[in-house]
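K.L.:
for reference, the sequence and a predicted model appear below.
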Amino acid sequence: MLQTPLNAYHREAGARLVDFAGWEMPVIYTSIIDEHNWTRQHASLFDVSHMGRVEFRGPDAGRLLERLNTRNIGSAAPGMCRYSHMCKPDGGILDDVIVSRFEDRYLVVCNASNREKLLWWWEQQRSGFDVEIRDRTFETAMVAIQGPEALETLGQLLPIPVGDLKRYRFTSGNLMGAEYFVARSGYTGEDGAEIILPAGFALPAVRMLVSKSAELGRPVKPAGLGARDTLRLEAGMPLYGHELTEEWDSLTAGQAWAVDLTKDFIGADVLRRLQAEGLRRQIVGLELEGKRIARQGAEVLRDGRPVGAVTSGTQSPTLGKNIAMALVETASVAVGTRLEVDIRGSRTTATVVPLPFYKAKKG
């Protein structure tokens, strides 16, 4: 099993480690609810080094990425990050990625479970393009500092004014011979930053960040994959293998904002046809009555007839309610529609609600 450069820190901090996409990752340190609430109220540190980090260099790097991505990559200025999807010719989603544009290259961050698949896919697509593709996943580490206190705390600990960065912008530089990358982004619904640095610097850097933040009276505490999942679900953010899959397209997944149908990309013709004909199914938010949690695959019914299935579900620590996302027939997506979810043979009433379930307060 693969280990991130922060594996020793996780063990020191008492994490319960599990196999996640072939990586030994911390799922929990104290409790999912405690880690979730600390992130919503203060700031937490997440090890996301398992995610793929791949550079595209060369004269045709931008042109190839334009073909691969649903978003317009060419219009991104250096210092900008763009969330995007990469699709198969039939419109199925290969992965959701973040593409960051440097002066001389692009960086693509992808999901750990899809990195090898994408490396193979990109090699198939690069014929005719003058592009060098370099996987830097094992040379680097990546951490996310998330929460309402994250940027202010980082501003006192890092040599760069991270609070001046706009959302989905990044800065990079060199400190003691080590190249670093800091982006104002994340996957929790809170403000914060994601930091990439050389693998050999990660462990001392994280130890220092945690200890120095505690000295400031603004402790950044570690959080695991369990809290990461409940946080992203409250924020209505899709997870690959749940809301995103090769089995359906970006529009059906409710991610039309991440698709530019005015440009050509792999799968664009299919998505244009779906937009013109109308979608048969869509991802929606559900609020469930009672105490039972809906899990992925649970059947969704309307008037006793199956209309879809749950893609993700949890008990929301912030809202104190059971919530879920589900893929349902378009006739049942209107906010306020009353549905039922079959939870292990027992039907629970659910109501379609707007996404996201939770929005962070600004300022």
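P.N.:
Sure, I can see it.
K.L.:
and G285, what element?
P.N.:
strand 281-288 (DSSP states H and E).
K.L.:
domain parsing of the protein, as residue ranges.
P.N.:
Following automatic domain parsing, one gets these domains for the chain: 2-51+138-232, 53-119, 236-353.
K.L.:
run the chain-centre distance for the shortest one.
P.N.:
To tie it back to what came earlier, the one meant is domain 53-119. Relative to its chain's centre, domain 53-119 lies at 14 Å (Cα atoms, centre = their mean, to the nearest Å).
K.L.:
quick check: next helix or strand after the strand holding G285?
P.N.:
Remark: after strand 281-288, the chain's next helix or strand is strand 299-302, criterion DSSP H and E.
K.L.:
list of residues touching that next one?
P.N.:
Residues from elsewhere that reach strand 299-302 (Cβ atoms under 8 Å, 6 or more residues apart in numbering): 286, 306-310, 326, 328, 332, 337-342, 347, 350. Bear in mind the C-beta positions are built from the backbone N, C-alpha and C, glycine included.
K.L.:
one step back: helices or strands next to the strand holding G285 in the packing?
P.N.:
Strand 281-288 is packed against strand 305-316, strand 321-329, strand 338-343, strand 346-353, with contacts defined by 3 or more Cβ pairs under 8 Å, 6 or more residues apart in numbering; DSSP states H and E.
K.L.:
chain center to it: distance?
P.N.:
On Cα atoms, centre = their mean, the centre of strand 281-288 falls 19 Å from that of its chain.
K.L.:
please apply the same query to stretch 118-130.
P.N.:
From the chain centre to the centre of stretch 118-130 is a distance of 24 Å (Cα atoms, centre = their mean).
K.L.:
just to revisit the earlier point, mark which of the contacts of strand 299-302 are buried, thanks.
P.N.:
Buried members of these, scored by 16 or more other Cβ atoms under 10 Å, are 286, 307-310, 326, 328, 332, 337, 339-342, 350.
K.L.:
tabulate the domains of the chain in JSON lines, adding columns for mean pLDDT and distance to K359.
P.N.:
Shown next, in JSON lines, are the domains of the chain (pLDDT from 0 to 100; distance: least, Cβ to Cβ, whole Å):
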{"stretch": "domain 2-51+138-232", "mean pLDDT": "96", "distance to K359": "7"}
{"stretch": "domain 53-119", "mean pLDDT": "97", "distance to K359": "17"}
{"stretch": "domain 236-353", "mean pLDDT": "98", "distance to K359": "9"}
